[in-house]
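Engineer: sequence isn't available, so here's the structure alone:
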């Protein structure tokens with residue numbers, strides 16, 4: 001009937017800034033390794049926590065990169081949606097890593113209560129300053145791109161959060177150096193762990209919503225039903241399903257009952273055009289599947305579908 005069901009997309013906003021994301025990922029991983037070594041040499045738990053925080057940043061940037069590559073992979077008969085769900089699985093792994101990092105930090109912090117070990121503040125301070133500088137560079141790299149892509153903006157906010165963690169380590173190092181209060185390292189590590197947990201929780205919640213095929217956030221089924229019923233020739237609609245393949249890719253299907261005379265080639269074509277346009281313009285949903293049913297047939301169906 002002349003409808004365009006080709007869902008291939010050109011280069012996404014994230015894809016256009018792939019080089020920036022790769023640069024930020026390289027910077028983040030390099031500094032994370034330096035901070036991990038610095039933590040072992042200095043004995044600073046806060047520095048180890050900040051390294052864990054940077055690991056979460058790297059995972060976030062990696063997921064954004066993965067999303068840009070996956071969007072370009074073609075679908076196949078075996079995987080009709082391609083590999084788009086791989087982003088969700090990567091996000092799940094990221095969330096579990098964040099939970100594990102937080103648990104390790106909290107466990108070590110509890111162990112250190114009342115017996116904080118000696119911390120070499122020189123190494124701790126230099127590594128934290130290096131981390132803060134790297135985060136600032138990453139923020140500058142992503143500053144313009146984050147205005148165009150939600151994926152890049154997520155990575156930008158990840159780096160911004162880690163910058164605050166680096167400041168916490170710097171503050172702890174200065175407190176220990178000038179006051180000798182060793183517990184400042186433990187306090188800073190707990191603060192950083194507390195910064196990680198909300199991110200892990202939100203990420204897990206979003207992943208579970210996608211895997212359980214929950215209705216996407218901000219989408220009201222009642223409003224969609226009203227819009228569909230407003231299309232000329234539509235009698236009623238049932239079996240509405242809205243779910244998400246991966247972030248930014250909502251999918252919609254419904255059984256639409258129309259007047260019998262609308263099922264001519266021209267009439268059905270007009271109804272489908274209006275329904276597709278309605279969903280695409282009002283609800284940002286391009287992947288729509290409509291099953292048109294004649295009203296005369298619907299009258300014989302079970303009332304449970306009404």
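Structural biologist: Nice, thanks for sending it over. This one's a predicted model, so the numbers in the text were calculated from it and none came from an experiment. Numbering: from 1, shown residues only.
Engineer: so where's the protein shaky on pLDDT?
Structural biologist: For the chain, applying pLDDT under 70 flags the ranges 1-16, 67-68, 71-72, 116, 146-152, 154, 282, 284, 286, 298-306.
Engineer: report the longest strand in it, please.
Structural biologist: strand 234-246 (DSSP state E).
Engineer: give me the contact list for that strand.
Structural biologist: With contact meaning CB atoms under 8 Å, 6 or more residues apart in numbering, strand 234-246 is reached by 67, 70, 81, 84-85, 87-88, 209-210, 213-216, 219, 221, 224-225, 228-229, 250-259, 271, 285, 287, 291, 295, 298, 305-306. Every residue, glycine included, has its C-beta placed from N, CA and C.
Engineer: which parts of the next helix or strand after that strand are buried?
Structural biologist: Using DSSP states H and E, the next helix or strand after strand 234-246 towards the C-terminus is strand 249-258. The neighbour-count check on strand 249-258 (16 or more other CB atoms under 10 Å) flags 249, 250, 251, 252, 254, 255, 256, 257, 258 as buried.
Engineer: over to stretch 258-274?
Structural biologist: Counting neighbours by 16+ other CB under 10 Å, one finds that the buried residues in stretch 258-274 are 258, 262, 263, 267, 268, 270, 271, 272, 274.
Engineer: and if you look at stretch 188-208?
Structural biologist: Across stretch 188-208, burial judged by 16+ other CB under 10 Å covers 188-193, 195-197, 199-200, 203-204, 206-207.
Engineer: give me the subset of the residues you listed lying in helices.
Structural biologist: Using DSSP state H, 188-193, 195-197, 199-200, 203-204, 206-207 are the members of the buried residues of stretch 188-208 that sit in helices.
Engineer: closest one of those residues to residue 156?
Structural biologist: Nearest to residue 156 out of those is residue 199 (CB to CB; 13.7 Å).
Engineer: isn't that closest one right next to residue 161, touching?
Structural biologist: Yes. If you go by CB atoms under 8 Å, residue 199 and residue 161 touch, sitting 7.3 Å apart.
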